[in-house]
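Trainee: test case, fold it:
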Amino acid sequence: MEKTISILGSTGSIGTNAIQVVHALGKEYQIDYLSANTNADKLIEQALTLRPKAVCIADEPYADKVTAALQSESIEVFSGRDGLLELASQKADVVLNGLVGSSGMEPTLAAIESGIDVALSNKESLVMAGKLIQEAKAKSGSKIFPVDSEHSAIWQCLTGETMDDVKKLILTGSGGPFRERDVKTFSTITADEALDHPNWEMGKKITIDSATMMNKGLEVIEAHWLFNVNADDIEIIIHPQSIVHSMVEFSDGSVKAQLGVPDMKIPIQYALTYPHHAPSNWESLDLLTNSELTFHAPDFERFPCIQLAYDALKNGGTYPAVLNVANEEAVYRFLDGSISFTDIPRIIESACASHEYSDDPGLDLILQIERWTKEFVVNFRP
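Mentor: Next up is the predicted model:
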């Protein structure tokens, strides 16, 4: 039976990898919906090739261009934020959310409320609205299939196990490009240096998150919501080779790990084909040529964003949403050159400390907090 796929963020790194995966899987998988933010040309190209039922261009000024290009193709065109939410709610077997940042939260919620399973790459969804998403999931019966390599690894390690036997989750991270750089020079780090990741090819925002190690902090919060594990039972370990994608330690002292080459197509394919490990032509892991696997404790002083994330999770309520949005906006300010690398954690800490806390925010309050945090970061003067 054919499996229908909706890809949100189809022109980005996760989206383009997902299209390659679906193409390799063959005719049993059909892409029915695509969305992009501003890359109208790429979206048009994908639509003409893949022939989906509908596409969405989220940035309104590009809507006329996409509509004109597809007007004779029987492909419906949605646009704007409302159009994106409508597209995310269209009937499909799986919505793959490859959107970047806080913009991915509402589409995740919209898909789940519509009873659609979500292959989730957008970790910010659960960071900002984990409780709301879990409540919607329980009501609709939808499932979340993690796409992040770390959470996919934990998911696979937990197959056949009971959570009562789990002692802790172990999230591995490469440590990014600055794990051995003199911390006294961090204030001089340039955007180009931060974007030069040693192992992974990713979008700019997540690459900077890797450089600050905020990506690990956000993954701790995501793991809490995905697997219902407390912050104190989620550990981060630096693993420079990015071969062991994460581990689970059990009560008897045994540890299960998932290994593979650093290629996002592998966790994407597993999320789309679960519970099967479908055959693929991707590069396989050769342990004889990857025989050195090393592990180190993270330096929380070198990477203060990790502690900020743990603190936000433990504080709960609106703290994780503020943390997420403040980080996102601070990363964009660093990329445009208006703040330094070391300003990123300072801004996040200040935003978390300055916001008006609520212990049980609904969607409207989360969106209000998002607007407040963006304004706070834009106006922050280091």
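Trainee: in the helix or strand E86 falls within, which residues are buried?
Mentor: Applying DSSP states H and E as the criterion places E86 in helix 80-88. Across helix 80-88, burial judged by 16 or more other CB atoms under 10 Å covers G83, L84, L85, E86, L87, A88. Glycine gets a C-beta too; all of them are placed from N, C-alpha and C.
Trainee: my guess is the second one meets E60, correct?
Mentor: No: contact between L84 and E60 fails when scored by CB atoms under 8 Å: they sit 10.9 Å apart.
Trainee: quick one, phi psi at N97?
Mentor: Dihedral angles of N97 (phi, psi; degrees, to the nearest 10) stand at phi -90, psi 100.
Trainee: next one: E76
Mentor: Dihedral angles (degrees, to the nearest 10) for E76: phi -70, psi 140.
Trainee: the nearest residue to it once chain neighbours are set aside: neighbouring residues, count only.
Mentor: Once flanking residues are discounted, E76 sits nearest to A54: 3.9 Å by CB to CB, 6 or more residues apart in numbering. Counted with other CB atoms under 10 Å, residues neighbouring A54 total 19.
Trainee: what are the ranges of the strands in the stretch 101-250 of the chain?
Mentor: Under the criterion DSSP state E, counting those that start in this stretch, the stretch 101-250 of the chain contains strands at 117-120, 144-146, 166-173, 234-238, 244-250.
Trainee: hang on, the earlier thing: can you name every helix or strand that the helix holding E86 contacts?
Mentor: Helix 80-88 is packed against strand 3-8, strand 29-36, strand 54-57, strand 76-79, helix 105-113, with contacts defined by 3 or more CB pairs under 8 Å, 6 or more residues apart in numbering; DSSP states H and E.
Trainee: any weak-confidence spans in the stretch 201-350 of the chain?
Mentor: Per-residue confidence for the stretch 201-350 of the chain (pLDDT under 70) gives these ranges: 201.
Trainee: thinking again about what came up before, T212: which of the helices and strands packed on helix 80-88 is closest?
Mentor: Closest approach to T212 among the helices and strands packed on helix 80-88 is made by helix 105-113 (20.8 Å; CB to CB).
Trainee: show the average pLDDT along that closest one.
Mentor: For helix 105-113, mean pLDDT rounds to 98.
Trainee: what's the angle from that helix to helix 80-88?
Mentor: Relative orientation of helix 105-113 and helix 80-88, computed by axes from the mean of the first three to the mean of the last three CA atoms, to 10 degrees: 30 degrees.
Trainee: and for helix 105-113, what are the contacting residues?
Mentor: Taking contacts as CB atoms under 8 Å, 6 or more residues apart in numbering, the residues outside helix 105-113 that touch it are 6, 8, 81, 84-85, 87-89, 95, 97, 99, 118, 120, 122, 124-125, 128-129, 132-133, 136-137, 139-140, 142, 144, 363, 366.
Trainee: just the buried residues of the residues you listed.
Mentor: Neighbour counting over those (16+ other CB under 10 Å) leaves 6, 8, 84-85, 87-89, 95, 97, 99, 118, 120, 122, 124-125, 128-129, 132-133, 136-137, 142, 144, 366 as the buried ones.
Trainee: I206 contacts N215, doesn't it?
Mentor: Yes: between I206 and N215 there is a contact under CB under 8 Å: 6.2 Å.
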